[in-house]
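Q: just to be clear, the model below is a prediction. Sequence and coordinates:
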Amino acid sequence: MASRVIPVDPFDLVIFGGTGDLARRKILPGLFRRFQAGQMPDGARIIGAARSELDRAGYQQMIEDAIGEFGGAEKNDAEGLSKFLETLDYTPIDAKGTAGWDTLSSMVRPDVVQAFYFSVAPSLFGDIAARLHSNNIANSKSRIVVEKPFGRDLESAKALNKSLADHFDESQVYRIDHYLGKETVQNLMAVRFGNVLFEPLWNNHYVDHIQITVAETVGVEGRGAYYDRSGAMRDMVQNHLMQLLCLIAMEPPGQFGADEVRDEKLKVIRALQTVEPHHIVRGQYDAGPDGGGYREDAENPKSFTESFIAMKCHINNWRWAGVPFYLRTGKRMKARASEIAVVFKDLGHSIFEGDEKRHRNILAIRLQPNEGMDLQVTIKEPGPGGMRLVDVPLDMTFAEALGDGEHDVSDAYERLIMDVIRGNQTLFMRGDEVEAAWAWTDPLINGWEARNDVPKVYDAGSSGPEDALMLLHRDGRKWREIKG
Ligand code: NAP
């Protein structure tokens, strides 16, 4: 089945930080794929802006090289690539100074959709917002896109929000969490709210517990200094895992509109209980055959920052009272795998004599690898030999279910950028959501800092510290295997 391309209006997309890692690795290769798919209309333009003194041809060359390095199969389309490069322009600019703003002002057209992507350090967000305003470049319909990290605590997030709100309305601000751009995450909402089957079971009467795992095999090498100030809680839980938790736990919105969805997510965050210290396990990876330990990678021999965290959370509302949500994320784990598993309760009574095994329905939503979902169901083991039961997954991997395996499971970034151009904020975090997430996170971090909590060491290439396994064992449960 060919994917359907919904055209967008002509636009000017200015990428501040257009020479940076994110722009070269994700944003521009993603835009090229949208161009190839026919989604970039005639007259659409992409303008890179950074301090580097490049001209248009120099920037086009830089992006050609970047697509060659980071693009997928699409980079072999030489003709398409040369047409795409024609849409690019560049201007040197200093976010903190006056250089370049006049030129940018003359380049951006007031009569098309204007989007400004702040692919720069958050410390520059306020400067850029202010200069877009004072140079009369942005207007009341312009959109701005900002990247994570959105603050490192509630106070800094509030300050960032204010620096944007001074010049832009909330309806113009698109805070990216690329997890929300993943096909599976959106499919989670389709499955929950587009079927009669699941929603009646989606509560504490039928759900035993929920597990959310985001496991990476990479360590912090290369970005150790940044990571050491952040840790897994700030880098992953406060944003990505929190967003996944919200989508799993939220009430059905009245309609699939940006504020309706975000209102429901916000209610979930506000209903999260403070997590007891003994329900949090923090870890740091040890040296392994593939590299050094966390403290070496972070170049901080006394670091207490966690590269792994597991926790048991509760949501204080009628739907989820008594249902634990177990979250875990870590670096240098045994496999790169992210999934959400909704584990349903045991049958109250089995009619099958001699069947001692605990059969459970589990809905597993895989974010990576092989985005997709499967539902574990219990059936009769085929063949003679009596009524023996076996658990099998009903697989619904999108590429297979939707056609020829070529179905466009496109990168989250390109989907989200196109949503910005369309003016659809549903998959972006609202300012109050981000602040509520920090308001929940801050006391937990302050708590372990005040206790001088020392993270547990875990083997690189493992499933994390032993204590994280015990977190579930104590409750008579166990983590699902981390499988790549
Ligand atoms: P980066 O490689 O360091 O790029 C920073 C960009 O900002 C460069 O283009 C740099 O170009 C420009 N810049 C720096 N100071 C400037 C100034 N005063 N005026 C104008 N431009 C300036 O960083 P990055 O990895 O692309 O990350 C960008 C943002 O995305 C950060 O907020 C980061 O946290 C976030 N992010 C990145 C990733 C990723 O995979 N890289 C993932 C998630 C989030 P010049 O030096 O030429 O000015």
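A: That came through fine.
Q: center of the chain, which residue is that?
A: The centre of the chain sits closest to Tyr179, judged by C-alpha atoms, centre = their mean, with a distance of 2.1 Å.
Q: how about that one: what's its closest non-neighbour residue?
A: Spatial nearest neighbour of Tyr179, chain neighbours left out: His240 (4.5 Å); criterion: C-beta to C-beta, 6 or more residues apart in numbering. C-beta coordinates here come from the backbone N, C-alpha and C atoms, glycine included.
Q: measure the one you found to the ligand for me?
A: As judged by C-beta to the nearest ligand atom, to the nearest Å, His240 and the ligand stand 11 Å apart.
Q: Glu381 against Leu389, yeah?
A: Yes: between Glu381 and Leu389 there is a contact under C-beta atoms under 8 Å: 6.7 Å.
Q: low-confidence ranges, this protein, go.
A: 1-4, 397-410 (pLDDT under 70).
Q: if we can go back for a sec, how far away is the residue nearest to the centre of the chain from Ile340?
A: In this view, Tyr179 and Ile340 are 11 Å apart by C-beta to C-beta, to the nearest Å.
Q: quick one, helices of the stretch 201-350 of the chain?
A: Taking DSSP state H, counting those that start in this stretch as the test, the helices found in the stretch 201-350 of the chain are 224-228, 231-232, 242-249, 258-271, 294-297.
Q: winner for burial among those helices?
A: Across the helices of the stretch 201-350 of the chain, the average number of neighbours (mean count of other C-beta atoms under 10 Å) peaks for helix 231-232, which reaches a mean of 26.
Q: the residue nearest to Tyr179 contacts Lys182, correct?
A: No: counting by C-beta under 8 Å, His240 stays clear of Lys182, with 10.1 Å between them.
Q: does the residue nearest to the centre of the chain touch Leu245 like I think?
A: No: taking contacts as C-beta under 8 Å, Tyr179 lies outside contact range of Leu245: 11.0 Å.
Q: around the ligand, pick out the residues from this protein.
A: 16-23, 25, 50-52, 93-96, 119-122, 124, 147-149 (C-beta under 6 Å from any ligand atom).
Q: which ones among these map onto helices?
A: Per DSSP state H, helices hold the following members of the residues of the chain next to the ligand: 21-22.
Q: give the contact list for the residue in the stretch 151-300 of the chain that the ligand sits nearest to.
A: The ligand sits closest to His178 of the stretch 151-300 of the chain, with a gap of 7.2 Å, by C-beta to the nearest ligand atom. Contact partners of His178, counting by C-beta atoms under 8 Å, 6 or more residues apart in numbering, are 412-413, 416.
Q: so who does whatever residue of the stretch 251-400 of the chain ends up closest to the ligand touch?
A: In the stretch 251-400 of the chain, the residue that lies nearest the ligand is Lys331 (14.8 Å; C-beta to the nearest ligand atom). Contacts for Lys331 (C-beta under 8 Å, 6+ apart) come out as 216-220, 232, 285, 294, 307-308.
Q: next, count neighbours for the closest residue in space to it that isn't next to it in sequence.
A: For Lys331, ignoring the flanking residues on the chain, the nearest one in space by C-beta to C-beta, 6+ apart is Ser307 at 4.5 Å. The local packing of Ser307 (other C-beta atoms under 10 Å) involves 31 other residues.
Q: Ser307: what's it in contact with?
A: Contacts of Ser307 (C-beta under 8 Å, 6+ apart): 219-220, 227, 231-232, 283-285, 294, 330-332, 455.
Q: any chance of these in TSV, plus distance to Gly254?
A: Converted to TSV, the contacts of Ser307 look like this (distance: C-beta to C-beta, whole Å):
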residue	distance to Gly254
Gly219	44
Val220	42
Tyr227	40
Gly231	37
Ala232	35
Gly283	41
Gln284	45
Tyr285	45
Tyr294	46
Gly330	37
Lys331	40
Arg332	43
Pro455	43
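Q: residues touching stretch 194-212, excluding its own?
A: Among residues not part of stretch 194-212, those counted as contacts by C-beta under 8 Å, 6+ apart are 191-193, 241, 244-245, 248-249, 252, 319-328, 339-346, 360, 363, 475, 477, 479-480.
Q: of these, select the buried ones using a PyMOL command.
A: Selection of buried members from the contacts of stretch 194-212 for PyMOL, criterion 16 or more other C-beta atoms under 10 Å:
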select buried, resi 191+192+241+244+245+248+249+319+320+323+324+325+326+327+328+339+340+341+342+343+344+363+479
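Q: what are the ranges of the strands in the stretch 151-300 of the chain?
A: 173-175, 207-215, 280-285 (DSSP state E, counting those that start in this stretch).
Q: adding distance to Ile6, write the helices of the stretch 201-350 of the chain out as CSV.
A: Output for these, formatted as CSV (distance: least, C-beta to C-beta, whole Å):
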stretch, distance to Ile6
helix 224-228, 37
helix 231-232, 37
helix 242-249, 23
helix 258-271, 17
helix 294-297, 43
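Q: tell me the SS of Arg480?
A: Here Arg480 takes the coil state, with states given by DSSP: H, G, I helix; E, B strand; the rest coil.
Q: show me what contacts the closest residue to it other than its chain neighbours?
A: Among residues not flanking Arg480 along the chain, Ala341 sits closest, at 5.4 Å (C-beta to C-beta, 6+ apart). Ala341 makes contacts with 210-213, 362-365, 480, as judged by C-beta under 8 Å, 6+ apart.
Q: please apply the same query to Met429.
A: Met429 touches 150, 175, 177, 180, 239, 243, 262, counting by C-beta under 8 Å, 6+ apart.
Q: could you rerun that using 7 Å?
A: Neighbouring residues of Met429 by C-beta atoms under 7 Å, 6 or more residues apart in numbering: 175, 177.
Q: how about the closest residue to the ligand within the stretch 1-150 of the chain, nearest residue that isn't a chain neighbour?
A: Nearest residue of the stretch 1-150 of the chain to the ligand, counting by C-beta to the nearest ligand atom: Gly20, 2.3 Å away. For Gly20, ignoring the flanking residues on the chain, the nearest one in space by C-beta to C-beta, 6+ apart is Ser119 at 5.8 Å.
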